[in-house]
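[1] Structure of the sequence below:
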Amino acid sequence: MQKSAYKTKQQDFLISYLHEMKGKHFTAEDVRTHFETKQISIGIATIYRQLEKLVAEGTLQKYFIDEHSAACFEYSGENCKAEVPHFHLKCEQCGNLFHVECDEIQELSEHLQKEHGFAINPFRTVLYGICNACKALLLALVLIFVTNACGYAKSKIKVISTIFPMYDWTREIIGNQNDNIDLTLLVGNGVDLHSYQPSIQDIAKISTADLFIYVGGESDVWVKDALKNKKNKNMIVLNLMEILGDSVKEEEIVEGMEAEEECEDEDEEEEIEYDEHVWLSLKNAKVICKAISAALCQKDSENAVKYKTNLSTYIANLDDLDAAYSTAVKSSSKNTLIFGDRFPFRYLVDDYGLKYYAAFVGCSAETEASFKTVIFLAKKMDELDSNYIFKIESGDSKLAKTIIQNSSKKNAQVLILDSMQSVTAKQAQSTSYLKIMNENLNVLKQGLK
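    Okay, the predicted model is just below:
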């Protein structure tokens, strides 16, 4: 398997941003948003790795203000520990963090040292309170909370799924008539899985969940911090990649594919990256659904029989669709897909013995392919006599169309396979995993003609 090329361009961008933010607080999501506005492609996982490295080197300070907040960082120069000590004010309502250098607070610090023999660490000192903007809102929120708390005799079982496939599997196992379960789709605003970072409200929801289901890949590096101080100590956590174990595949670079840029040291051992798009395998779906059903039965034993019955029905539907895919591939005249996009369908093509060529790996943040990659994929279209090129549901068709224009297949069509990475909460109410996978099957049949 080809390794990613060593480049420092992204690291240079990051250092430049840190200089701009000197003395200010920021999160990994702030960094990602900054680069996105400048049309610079850096994945959130890469940003996390580099920030953690700078923390270890002492260039950044990292703060975990409370259990409801994502980690924030502060850059104070190449030797931040030598900077003037300062304190932080944390609004307990809105979560805003204020940087304070105040002589009176400094005098308090000196008093505690002199009179009480206690030295305050100013880099870890946070004073909690409420900012003026939140005082009026707080009273209203308390009243709403009290009203709601008095209105429920029995709490619902809270189930949270990060993305749509697990949300829909859980919905199918629960069934249509079950008022005992409160099921939430966490990433339901259309943000791509690879770009998502939880808000303060999201982390608060997760903290009290009875069952939390997430993928467990590189895009979910934020989960570890989110679960550190969970309030529900009896929470069941399902990590899809842990459930699947040895069935999880390493991310691969196939011939002609752009290697994702990484800003790693030359002497640093390259980490193995795993393909996290496990839900696009119907075979994996069956394994994961069984784990979800078992967790629901553990949390709600009164309805265990119902969950097991619904699971059996759903597994049968997955089996039927799995068989339909196998039949379609065996009866097709072609067995290779050409993707003018990133490629998250590794598990699907491996399940049915299909081959593929693509511009980028599934988790890539890149959008601009090199001329070399465009020409390679265009020649593959000619070589394989392909009248179709594929892309995923998000983004435009610019790259796919460029590849077509550089091939002899000027009338080739662009087909879309849905990877279900950014299904919104609204869309989730009118579609399902089986429906989308059936639609993908029809697209696949056409593309393999």
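[2] my guess is Ala425 contacts Leu185, does it?
    Yes - the pair Ala425 and Leu185 passes the contact test of Cβ atoms under 8 Å, sitting 5.3 Å apart. No exception for glycine: its C-beta is placed from N, CA and C like everyone else's.
[3] Now Glu36. Nearest residue, chain neighbours left out?
    Leaving out its chain neighbours, the residue that sits closest to Glu36 by Cβ to Cβ, 6 or more residues apart in numbering is Ser195, at 7.9 Å.
[4] Just give me the neighbour total for the one you found.
    For Ser195, the neighbour count with other Cβ atoms under 10 Å is 17.
[5] Next: the one 3 residues further on.
    Summarising burial for Pro198: neighbours were counted as other Cβ under 10 Å, giving 20.
[6] Doesn't it lie inside a helix?
    No - membership of Pro198 in a helix is not supported by DSSP: H, G, I helix; E, B strand; the rest coil, which gives coil.
[7] That one and Ala71, how far apart?
    Counting by Cβ to Cβ, to the nearest Å, the gap from Pro198 to Ala71 is 11 Å.
[8] what's the longest helix in the protein?
    With secondary structure taken from DSSP state H, the chain has its longest helix at helix 304-330.
[9] Could you give me the buried positions within that one?
    306-307, 310-311, 314-315, 318, 321-322, 325, 329 (16 or more other Cβ atoms under 10 Å).
[10] With Ile236 as the reference, measure out to the residue lying farthest from the centre of the chain.
    Residue farthest from the centre of the chain, counting by Cα atoms, centre = their mean, is Glu115 at 49.5 Å. According to Cβ to Cβ, Glu115 and Ile236 sit 49 Å apart.
[11] mind listing what Ser219 touches?
    If a contact means Cβ atoms under 8 Å, 6 or more residues apart in numbering, then Ser219 has 44-45, 193-194, 196, 276, 363 as its contacts.
[12] Next: Ala425.
    Contact analysis of Ala425 by Cβ under 8 Å, 6+ apart lists 185, 188-189.
[13] in the chain, which ranges drop under the pLDDT threshold?
    Within the chain, the stretches with pLDDT under 70 are 1-9, 23, 64-70, 76-88, 92-105, 121-126, 134-154, 260-270, 362-367.
[14] for it, what spans make up the strands?
    25-26, 60-63, 72-75, 87-91, 97-100, 126-129, 157-161, 181-185, 211-214, 236-239, 336-343, 355-361, 388-392, 413-417 (DSSP state E).
[15] Pull out the C-alpha coordinates of stretch 429-442 and format them as PDB.
    This file holds the C-alpha atoms of stretch 429-442, laid out as PDB (Å, rounded to 0.1, in the frame of the first residue of the first chain):
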ATOM      1  CA  GLN A 429     -38.000  11.500   8.500                       C
ATOM      2  CA  SER A 430     -38.700  10.600   4.800                       C
ATOM      3  CA  THR A 431     -36.000   8.100   4.000                       C
ATOM      4  CA  SER A 432     -34.300   5.000   5.400                       C
ATOM      5  CA  TYR A 433     -31.100   3.100   5.100                       C
ATOM      6  CA  LEU A 434     -32.700   0.400   3.100                       C
ATOM      7  CA  LYS A 435     -34.300   2.900   0.700                       C
ATOM      8  CA  ILE A 436     -31.000   4.700   0.100                       C
ATOM      9  CA  MET A 437     -29.100   1.400  -0.400                       C
ATOM     10  CA  ASN A 438     -31.800   0.200  -2.800                       C
ATOM     11  CA  GLU A 439     -31.300   3.500  -4.800                       C
ATOM     12  CA  ASN A 440     -27.600   2.900  -4.800                       C
ATOM     13  CA  LEU A 441     -28.200  -0.600  -6.100                       C
ATOM     14  CA  ASN A 442     -30.100   0.800  -9.100                       C
END
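[16] Please list the residues outside it that contact it.
    Contacts of stretch 429-442 (Cβ under 8 Å, 6+ apart): 164-165, 168-169, 172, 279, 282, 285, 317-318, 321, 324-325, 328, 348, 417-418, 420, 423.
[17] just checking, Ala428 touches Phe164?
    Yes - using Cβ under 8 Å, Ala428 is in contact with Phe164, at 5.7 Å.
[18] Now do Lys286: how many residues are near it, please.
    Neighbour tally, Lys286, other Cβ under 10 Å: 16.
[19] any idea how far it is from Asp322?
    8 Å.
[20] do Tyr307 as well
    Going from Tyr307 to Asp322 by Cβ to Cβ gives 22 Å.
[21] likewise Gln421?
    Taking Cβ to Cβ, one finds Gln421 at 21 Å from Asp322.
[22] Equivalent analysis for Ser422, please.
    Ser422 is 25 Å from Asp322, by Cβ to Cβ.
[23] one step back: of all the strands of the chain, which one is nearest Ser370?
    strand 355-361 (9.1 Å; Cβ to Cβ).
[24] That closest one pairs with which strands, parallel or anti?
    strand 336-343 (parallel) (DSSP bridges).
[25] Name the surrounding residues that touch the partner strand.
    Residues contacting strand 336-343 (Cβ under 8 Å, 6+ apart): 257, 345, 349, 354-364, 366, 369, 377, 380-381, 384, 386, 388-392, 395, 397, 399-404, 414, 447-448.
[26] Which among the residues you listed count as buried?
    257, 345, 349, 354, 356-364, 366, 369, 377, 380-381, 384, 386, 388-392, 399-400, 402-404, 414, 447-448.
[27] quick one, what contacts Asp350?
    249, 281.
[28] Check Ala324 too.
    Contacts of Ala324 were listed using Cβ under 8 Å, 6+ apart, and they are Leu441.
[29] can you rerun that using 6 Å?
    Contacts of Ala324 were listed using Cβ atoms under 6 Å, 6 or more residues apart in numbering, and none were found.
[30] Could you do Gly256 as well?
    If you count contacts by Cβ under 6 Å, 6+ apart, then Gly256 has 357, 376 around it.
[31] If we use 10 Å, what do you get?
    Contacts for Gly256 (Cβ atoms under 10 Å, 6 or more residues apart in numbering) come out as 338, 357-359, 369, 372-377, 379-380.
[32] could those be laid out in JSON lines, adding distance to Glu57?
    Below are the contacts of Gly256 laid out as JSON lines (distance: Cβ to Cβ, whole Å):
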{"residue": "Ile338", "distance to Glu57": "43"}
{"residue": "Tyr357", "distance to Glu57": "40"}
{"residue": "Ala358", "distance to Glu57": "36"}
{"residue": "Ala359", "distance to Glu57": "35"}
{"residue": "Ala369", "distance to Glu57": "34"}
{"residue": "Lys372", "distance to Glu57": "36"}
{"residue": "Thr373", "distance to Glu57": "35"}
{"residue": "Val374", "distance to Glu57": "39"}
{"residue": "Ile375", "distance to Glu57": "41"}
{"residue": "Phe376", "distance to Glu57": "39"}
{"residue": "Leu377", "distance to Glu57": "40"}
{"residue": "Lys379", "distance to Glu57": "45"}
{"residue": "Lys380", "distance to Glu57": "44"}
